[in-house]
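Colleague: here's my sequence, what's the structure:
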Amino acid sequence: MDRDTQFVERLRFFDGQQLFASDLQGIEASDRELRWLHNRTLHTWGIATGLGVEGHLGDTAVTVETGYGTDDEGREIALAEARTLDVPAVSGGSSGGDAVFYLVAAWVEDGEQDVLETRQTRCHPTGAVRLDDEPRIDWRQADQLEPGKELVLAKAWVRNCRLSRELSTTVRREARPSLVPYVAAGRTTPGHTQWSAWEAGGQMLGVKVTVSTAAARFRITPRYLVELGGQRFLAESPGPLVGLGVPSVTSASRTAFTAQVLIPKSPSPLVNPNPLRKASTAPAIVRDQLQWHVVWVGIED
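Modeller: Numbers count the residues shown, from 1 in each chain. Okay, here's the model as predicted:
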C-alpha cells in the first residue's frame, strides 16, 4: 500500500466507555501521521527557521541555536533550547590536512528519546508519560550523511581538536522557497562516464548515461541543461573519425536524469562512421577514446 495514502484510523468515544492508554495514544498517533503526511506532500523538507550554528576559527566547541525544520518524512525537528557540542577530538584528516565534519540534526524515534516523567499504577508497571522530544545533534563525516533523514546545519574543518577554518553554512537546505532561482552544476568524470547503447526498435540511436544530481539537493525536479564534453576527432584506430552527437535529457527527477546523445548517420565516411553506430563498440569508444562526459546545469525556480 502507498505509504502516502495509507488508511489512518479515527477514534470515537461514547459516555461511560473505558479508555486504555492505546486509545489515547491512537489519537496522538493519528494526528501526528496526518501532520507528517501534510508536511511531506505539501511542503519541502529542510530548515524552516533558526538552527543557526555559532563557532569560529580556533574554537573547541560550537553552539546550535533553537529552531525548527522537517525531514523528508515530514517529521518535525524542533530544538527548544540552544545546545553546545565539542568539536570532534581529532588531530586532522587521514592525509594529514584538515578533517571535515558536518553538524546535523535528526528526528529521534520514540523508543530512543529521554524519559522526562514516569508514573506508577497499582496494577501495572511504571510507564513513561512524558518524553524529551528533542532532536539528535551530532557530527558526521561525508560518508556517514543521510540527506533527508538528517538536516545538515554546518560544515566544519578540524585540526588538533579545534576549528581550523570558519564554519560554512552553504551546505544548509532551507525549507522555505528562495526568492531567486536555485542553480547547481556538475559534470561526470571524463574517461569514467558509464555510457551504454541507446537503442529503440532494434536500431542503435546513440549512447546514454544516468547522471546523479543528488549532491545538488534540489527540492523539486529542476530544468536541466546539458552539454557534451570531450573530444570530437579521433586519429587512432578505429579512426580517423569525427564523432558528432546531439545531447538531450530524459527521465529527469530532483536527484538524477538520463542524458541521451543522438549519433546521427552521416553521408561522410569520416563523420559518425559504423564503429560509432554499433551498440557493441560505440560506448567504449566515446568513453575511453573520445572521453565524452556530461556537463550539466540544473535550475530550480
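Colleague: go ahead and confirm residue 55 touches residue 156.
Modeller: Yes - counting by C-beta atoms under 8 Å, residue 156 is a contact partner of residue 55 at 7.2 Å. C-beta: built from backbone N, CA, C; applies to glycine.
Colleague: neighbour count winner among the two?
Modeller: More crowded of residue 55 and residue 156, by other C-beta atoms under 10 Å: residue 156, with 24 against 20.
Colleague: so that one sits in a strand?
Modeller: Yes - Residue 156: assigned to a strand according to DSSP: H, G, I helix; E, B strand; the rest coil.
Colleague: that one and residue 54, how far apart?
Modeller: 12 Å (C-beta to C-beta, to the nearest Å).
Colleague: list residues touching both of the two?
Modeller: Taking C-beta atoms under 8 Å, 6 or more residues apart in numbering as the contact criterion, the common neighbours of residue 156 and residue 54 are residue 62.
Colleague: on that earlier part again, hey, what's in contact with both of residue 55 and residue 156?
Modeller: 62, 87, 163, 167.
Colleague: which residue sits closest to the last one in space, ignoring its chain neighbours?
Modeller: I take that to be residue 167. residue 154 (4.6 Å; C-beta to C-beta, 6 or more residues apart in numbering).
Colleague: spatially nearest residue to residue 192 (excluding sequence neighbours)?
Modeller: Nearest one to residue 192, counting by C-beta to C-beta, 6+ apart, is residue 287 at 7.7 Å.
Colleague: ignore what I typed, I meant residue 108.
Modeller: Nearest to residue 108 is residue 136, by C-beta to C-beta, 6+ apart, at 5.2 Å.
Colleague: which element follows the strand or helix carrying residue 198 toward the C-terminus?
Modeller: Taking DSSP states H and E as the definition, one finds residue 198 inside strand 196-200. Note on strand 196-200: by DSSP H and E, the next helix or strand toward the C-terminus is strand 203-212.
Colleague: list the contacts of that following strand.
Modeller: So strand 203-212 is contacted by 186, 188, 193-199, 245-246, 251, 255-263, 277-279, 282-283, 286, 292, 294, 296 (C-beta under 8 Å, 6+ apart).
Colleague: check which residues of it are buried.
Modeller: For strand 203-212, the neighbour count (16 or more other C-beta atoms under 10 Å) marks 204-209, 211 as buried.
Colleague: also stretch 95-113?
Modeller: 98-99, 101-108, 113.
Colleague: can you check stretch 234-254 too?
Modeller: For stretch 234-254, the neighbour count (16+ other C-beta under 10 Å) marks 234, 239, 241-243, 245, 247, 249, 252, 254 as buried.
Colleague: send me stretch 241-255 as CSV with only the CA atoms.
Modeller: Extracted C-alpha coordinates of stretch 241-255, given in CSV (Å, rounded to 0.1, in the frame of the first residue of the first chain):
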residue,chain,number,x,y,z
LEU,A,241,36.8,9.7,-37.5
VAL,A,242,34.8,12.6,-36.3
GLY,A,243,32.2,12.0,-33.6
LEU,A,244,29.2,14.3,-33.5
GLY,A,245,26.4,13.9,-31.0
VAL,A,246,23.2,15.7,-30.1
PRO,A,247,22.5,15.6,-26.3
SER,A,248,19.1,15.6,-24.7
VAL,A,249,17.6,15.0,-21.3
THR,A,250,15.0,12.4,-20.3
SER,A,251,13.7,10.7,-17.1
ALA,A,252,14.5,13.9,-15.1
SER,A,253,14.0,13.9,-11.3
ARG,A,254,15.3,16.0,-8.5
THR,A,255,18.1,13.5,-7.9
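Colleague: what mean pLDDT does it have?
Modeller: Averaging pLDDT along stretch 241-255 gives 95.
Colleague: do the same with stretch 10-25
Modeller: Averaging pLDDT along stretch 10-25 yields 76.
Colleague: endpoint to endpoint, that stretch covers what distance?
Modeller: In stretch 10-25, first residue to last residue: 12 Å (C-alpha to C-alpha, to the nearest Å).
Colleague: centre of the chain to it, how far?
Modeller: 41 Å (C-alpha atoms, centre = their mean, to the nearest Å).
Colleague: go ahead and confirm residue 215 touches residue 186.
Modeller: Yes - here residue 215 reaches residue 186: they are 7.1 Å apart, a contact under C-beta under 8 Å.
Colleague: give the next helix or strand downstream of the worst-scoring helix or strand of the chain on mean pLDDT.
Modeller: Counting by mean pLDDT, DSSP states H and E, the chain has its least confident helix or strand at strand 127-131, which shows a mean of 54. Of the helices and strands lying after strand 127-131 in sequence (DSSP H and E), the nearest is strand 136-140.
Colleague: which residues touch that next one?
Modeller: So strand 136-140 is contacted by 64, 79, 83, 85, 88, 101-108, 150, 153, 156 (C-beta under 8 Å, 6+ apart).
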